[in-house]
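[1] coordinates for the following, if possible.
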Amino acid sequence: FGAEFDPNRPLVLRGPITKVQWVNPHAWIHMEVTKEDGSKENWMVEGGTPNTLLRRGLTKQTLQIGTVIVVDGYQSKDRSLRANGRDVTFTDGRKLFLGSSGTGAPKDGKDATER
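    Residues are numbered from 1 along each chain as shown. Next comes the predicted model:
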């Protein structure tokens, strides 16, 4: 986490999924975010390993293209459109931990394994 992402730049992204890469060592969720001025940005959100995400209930069925999600996370240090995802929230209110434990991301009590 510390090499690529900024713990002082938390962000919230909302939009539909455009692509999911189930690759090791980290899965990537691509999403289209509409800014306040109406323009669109294509963000890449890093999650935990595919196996970690599957154990938490994130599957190819839950992360389908077009699914609208909200991601809480941290922006990359280089200020590109990349983020490390902390949590993903679905429109039905389900909220799942997207990151992997022990990544160096700020501890905020949301990950039960941090305690």
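[2] looking at the chain, which residue reaches furthest from the middle?
    Asp37 (23.0 Å; CA atoms, centre = their mean).
[3] for that one, helix, strand, or coil?
    Secondary structure assignment for Asp37 (DSSP: H, G, I helix; E, B strand; the rest coil): coil.
[4] what of Leu54?
    Following three-state DSSP, the label given to Leu54 is helix.
[5] state the pLDDT value of it.
    Leu54 is assigned a predicted lDDT (pLDDT) of 93.
[6] if I look at it, how far off is Arg94?
    Using CB to CB, to the nearest Å, Leu54 is found at 15 Å from Arg94. Using the backbone N, CA and C atoms, a C-beta is placed for each residue, glycine as well.
[7] between those two, tell me which one has more neighbours.
    Using other CB atoms under 10 Å, the more surrounded residue of Leu54 and Arg94 is Leu54, with 14 against 11.
[8] distance of the more buried one relative to Leu96?
    Counting by CB to CB, the separation of Leu54 from Leu96 is 11 Å.
[9] right, I'll call it a day here.
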